[in-house]
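>>> One predicted model, sequence on top.
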Amino acid sequence: MKPILSIQNLNISFQNQQVENKVVHNVSFEIMPNQIVGVVGESGSGKSVTSMAMMGLLPKNISKVKGKILYNEVSLTDLSPKELREIVGKEISMIFQEPMTSLNPSLTCGEQVAEVLDLHTDLSKNEIEAEVLQLFEKVKLPRAKKMMTQYPHELSGGQKQRVMIAMAIACKPKLLIADEPTTALDVRVQDEIILLLKELQQETGMSILFITHDLALIAEIAQQVIVMQKGKIVEQGTVENVFLHPKEIYTKALINAKPKLNIRLKELPSVASYLQDDFKEEIFTTEERSQFHQQLYSKQPLLEVKNLKTYYTSKNNWFAKPNVVKGVDDVSFKVYEGETVGLVGESGSGKSTIGRTILGLEKATAGEIWYNGVNLLTLNNSQRKKYRQEIQLIFQDPYSSLNPSMKVGEAILEPMIRHGVLASNSKRKEYIYQLLEKVGLEKEHYNRYPHEFSGGQRQRIGIARALALQPKLIICDESVSALDVSVQAQVLNLLNKLKKEFEFTYLFISHDLSIVKFMSDQLIVLNQGKIEEIGDADAIYNQPQKAYTKALIHAIPKGI
């Protein structure tokens, strides 16, 4: 059998101010018909750049591609743009990492999928409409007919990703490139998307190149795995061989960087600590945790949420009765100083809404939020200013939360000036230099723009910006969900280190139960705006009481 895709000695470089920067070095691999191949590696390992070269999406003016990319023995690099369009989009299709930025906000979801069919097929308008409906049903979108008329902002993350999959499979491609298609999705939705891709692959016989940073996820879907580091392939083989008998230290580091579910480590191993061979596995004992909890709960809570309700009303048209959506429905919990409380649940469970309501970014419908003995919901805007400084947020997507036209140092400086932190700009600047070094960056980074950093570095900038106001309570809203596992390990270790050093308290929001379990002392499981379970993080994981919690734990990719 001949390979559907053959990459031979692929080299990719970018030209930047007369300097040629090589990002992919002599990469060679094959994908056979009806095969799923997984590519795994950290940010900057060359995974996505390789896939973009295959699709002809690299900017011609600054990129140089050498080597062969053969699709069914046709060299894609030698085709004209018109000839390439005959294949790309029709026979080779791609699911992009971030559906919100990949979908057009001004077109309905149905129109965007119809556009692909209109471009690559001879179907009539009515046939295209029927085909789009069928595709939406195939990717298991609820209320498929209504979804066709909805805009991307009206859909959840998982639903937007399904629209992207519908668009990618519209022309029945022979090769599907899935670039981090489940990165920011909760574990249940991730599980469904993986099952969906497997079903589609078996049904249509297409090949899939599945790109991810999560090795455990590769084990769930792929037969072959390619491990990339710094633009090179360091290891490749069957999933069983690579998982059970990894040859390279880098592969071992990627396998171990994910938090373990059966034990609680004091620190996660990073790739750097594995490569330097200086990682010592230290485990939190039951006695240590018990002592810590006794110290915590002997004081008054720093934050107490009582019977919180945050409802939204929406109207489909002027004459319809308003729909009431219960974002948060009668939620109560306490957070003690020095504690990390984890909020976990699927998209739409109310996790972020709780965080946003505490910050005053959403209006509470009812209930009380007590912070240091003051009910925040009774304060006006000017009275809240002090508490805005003390309660800070680390955003989910650091890139969209940073102003692209502002240097990162200025982005950190701006809120410090507004809140009067430190006496002068020179002192503030000095403090920012210290913060950048504390979060693992350098002084020189002060004068750089957000686009000059990797995802992990941008998240560190987001952490530095939150720390700049010297807060007491930090709300981490999915702050590591889009990072690869090794960078995730570094950022989680950093958050724990900073917590000890500055005596922070964290409200840690995530859809990933393994991460929440590693970080949290107390765990709150949310489902449709209500608390399903609340208690010690280890106790809930070891003996979940509710079927919903069991389903969340079951959906975590376990590897082999």
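That came in fine, so what should we check first?
>>> Just the strands from the stretch 201-350 of the chain, written as ranges.
207-212, 224-229, 232-238, 301-314, 323-336, 340-344 (DSSP state E, counting those that start in this stretch).
>>> closest to Lys145 out of the ones you listed?
strand 323-336 (18.3 Å; C-beta to C-beta). Bear in mind the C-beta positions are built from the backbone N, C-alpha and C, glycine included.
>>> How much space separates the residue lying closest to Ile283 once chain neighbours are set aside from Asn256?
Excluding the flanking residues, the one nearest Ile283 by C-beta to C-beta, 6 or more residues apart in numbering is Ile263, at 5.4 Å. When distance is defined by C-beta to C-beta, to the nearest Å, Ile263 is 12 Å away from Asn256.
>>> Ok, Thr183 next?
Separation of Thr183 from Asn256 (C-beta to C-beta): 20 Å.
>>> still on that earlier bit, okay, the residue nearest to Ile283: pLDDT?
Ile263 carries a pLDDT value of 80.
>>> give me the number of residues near it?
11 (other C-beta atoms under 10 Å).
>>> Then Gly355?
21.
>>> My guess is Leu217 contacts Ile193. True?
No: look at Leu217 against Ile193 with C-beta atoms under 8 Å: they stay out of range, at 10.3 Å.
>>> between these two, what contacts are shared?
Thr182 (C-beta atoms under 8 Å, 6 or more residues apart in numbering).
>>> quick one: which of the strands of the stretch 201-350 of the chain is nearest Ile461?
Per C-beta to C-beta, nearest to Ile461 of these: strand 340-344, 21.7 Å.
>>> Partner strands of that closest one, with direction?
Taking DSSP bridges as the criterion, strand 340-344 forms sheet pairs with strand 505-510 (parallel), strand 522-527 (parallel).
>>> can I get those in JSON lines with distance to Glu129 and mean pLDDT?
Below are those laid out as JSON lines (distance: least, C-beta to C-beta, whole Å; pLDDT from 0 to 100):
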{"stretch": "strand 505-510", "distance to Glu129": "39", "mean pLDDT": "91"}
{"stretch": "strand 522-527", "distance to Glu129": "36", "mean pLDDT": "92"}
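>>> elements contacting the host helix or strand of Ala464?
Using DSSP states H and E, Ala464 falls within helix 455-467. On a contact count with 3 or more C-beta pairs under 8 Å, 6 or more residues apart in numbering; DSSP states H and E, helix 455-467 meets strand 391-394, helix 398-401, helix 408-418, helix 425-438, helix 485-502.
>>> tell me what the fourth one is packed against?
Looking back up the chat, that one is helix 425-438. helix 408-418, helix 455-467.
>>> most neighbours per residue, which of the ones you listed?
Compared across the helices and strands packed on helix 425-438, helix 455-467 shows the largest average neighbour count, a mean of 24 (mean count of other C-beta atoms under 10 Å).
>>> List just the one of the strands of the stretch 201-350 of the chain that sits closest to Pro450.
Closest to Pro450 of the strands of the stretch 201-350 of the chain is strand 207-212 (C-beta to C-beta; 23.1 Å).
>>> Not counting its own residues, what contacts the closest one?
By C-beta under 8 Å, 6+ apart, the surrounding residues in contact with strand 207-212 are 4-5, 31-40, 47-48, 51, 174-183, 197, 201, 218, 221-222.
>>> what is the mean pLDDT for that strand?
Regarding strand 207-212, the rounded mean pLDDT is 92.
>>> between it and strand 224-229, what angle do the directions make?
Strand 207-212 and strand 224-229 are oriented at 40 degrees to each other (axes from the mean of the first three to the mean of the last three C-alpha atoms, to 10 degrees).
>>> any idea which of the helices and strands packed on helix 455-467 scores lowest on pLDDT?
Mean pLDDT values for the helices and strands packed on helix 455-467 show the minimum at helix 398-401, a mean of 74.
>>> ok now that helix, how far from the chain's centre?
Chain-centre distance of helix 398-401: 12 Å, with C-alpha atoms, centre = their mean, to the nearest Å.
>>> buried sites along that helix?
Using 16 or more other C-beta atoms under 10 Å as the test for burial, helix 398-401 gives Pro398, Tyr399, Ser401.
>>> ok, of these, which one's closest to Leu244?
Checking these against Leu244 with C-beta to C-beta, the nearest one is Pro398 at 35.7 Å.
>>> got a list of what that closest one touches?
Pro398 touches Pro450, Gly455, Arg458, Gln459, Ile461, Gly462, counting by C-beta under 8 Å, 6+ apart.
>>> Only the buried residues of stretch 352-368, if you could.
Here stretch 352-368 shows 352-360, 362, 364-365, 367 as buried, counting by 16+ other C-beta under 10 Å.
>>> Now tell me what touches stretch 221-228 from outside.
Contact with stretch 221-228 is made by 27, 29, 35-41, 45-47, 50, 194, 197-198, 208, 210, 215, 218, 233-239, 242-243, 248, 250-251, 254, as judged by C-beta under 8 Å, 6+ apart.
>>> Quick check: phi and psi at Gln545.
In this entry, Gln545 is assigned phi and psi values of phi -90, psi -30 (degrees, to the nearest 10).
>>> With Ala257 instead?
phi -70, psi -20.
>>> count of neighbours near it?
25.
>>> Glu83 too?
Neighbour tally, Glu83, other C-beta under 10 Å: 12.
>>> What distance do you get for it to Val491?
Glu83 sits 44 Å away from Val491, taking C-beta to C-beta as the criterion.
>>> Now the buried residues of stretch 352-368 in TSV, please, with extra columns for secondary structure.
Shown next, in TSV, are the buried residues of stretch 352-368 (DSSP: H, G, I helix; E, B strand; the rest coil):
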residue	secondary structure
Ser352	helix
Thr353	helix
Ile354	helix
Gly355	helix
Arg356	helix
Thr357	helix
Ile358	helix
Leu359	helix
Gly360	coil
Glu362	coil
Ala364	coil
Thr365	coil
Gly367	strand
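>>> Contact partners for the residue nearest to Asn72 when sequence neighbours are not counted?
Leaving aside its sequence neighbours, Asn72 sits nearest to Ile4 (C-beta to C-beta, 6+ apart; 6.2 Å). The contact partners of Ile4, by C-beta under 8 Å, 6+ apart, come to Ile31, Met32, Pro33, Tyr71, Asn72, Lys174, Leu175, Ser207.
>>> From these, which land in strands?
When DSSP state E is applied, these are split such that Ile31, Tyr71, Leu175, Ser207 fall in strands.
>>> Please identify which of the residues you listed is nearest to Tyr387.
Nearest to Tyr387, judged by C-beta to C-beta, of the ones in strands among the contacts of Ile4 is Leu175 at 53.2 Å.
>>> contacting residues for Glu192?
Glu192 neighbours (C-beta under 8 Å, 6+ apart): Lys140, Gly158.
>>> tell me the average confidence for the helix or strand hosting it?
Following DSSP H and E, one finds Glu192 within helix 187-204. Helix 187-204 carries an average pLDDT of 84.
>>> now stretch 364-384
Rounded mean pLDDT across stretch 364-384 is 89.
>>> just the CA coordinates of that stretch, formatted as CSV?
Below are the C-alpha coordinates for stretch 364-384, written out as CSV (Å, rounded to 0.1, in the frame of the first residue of the first chain):
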residue,chain,number,x,y,z
ALA,A,364,-25.6,38.9,40.7
THR,A,365,-29.4,38.2,40.8
ALA,A,366,-29.4,37.3,44.5
GLY,A,367,-27.2,36.1,47.3
GLU,A,368,-24.1,37.5,49.1
ILE,A,369,-20.4,37.6,48.5
TRP,A,370,-18.4,38.3,51.7
TYR,A,371,-14.8,39.3,51.3
ASN,A,372,-12.8,40.1,54.5
GLY,A,373,-16.1,40.8,56.3
VAL,A,374,-17.6,43.1,53.6
ASN,A,375,-20.5,42.1,51.3
LEU,A,376,-19.2,43.1,47.9
LEU,A,377,-22.7,43.1,46.4
THR,A,378,-23.7,46.1,48.5
LEU,A,379,-20.8,48.3,47.3
ASN,A,380,-21.0,50.9,44.6
ASN,A,381,-18.3,51.3,41.9
SER,A,382,-16.0,53.7,43.7
GLN,A,383,-16.3,51.7,46.9
ARG,A,384,-15.3,48.5,45.0
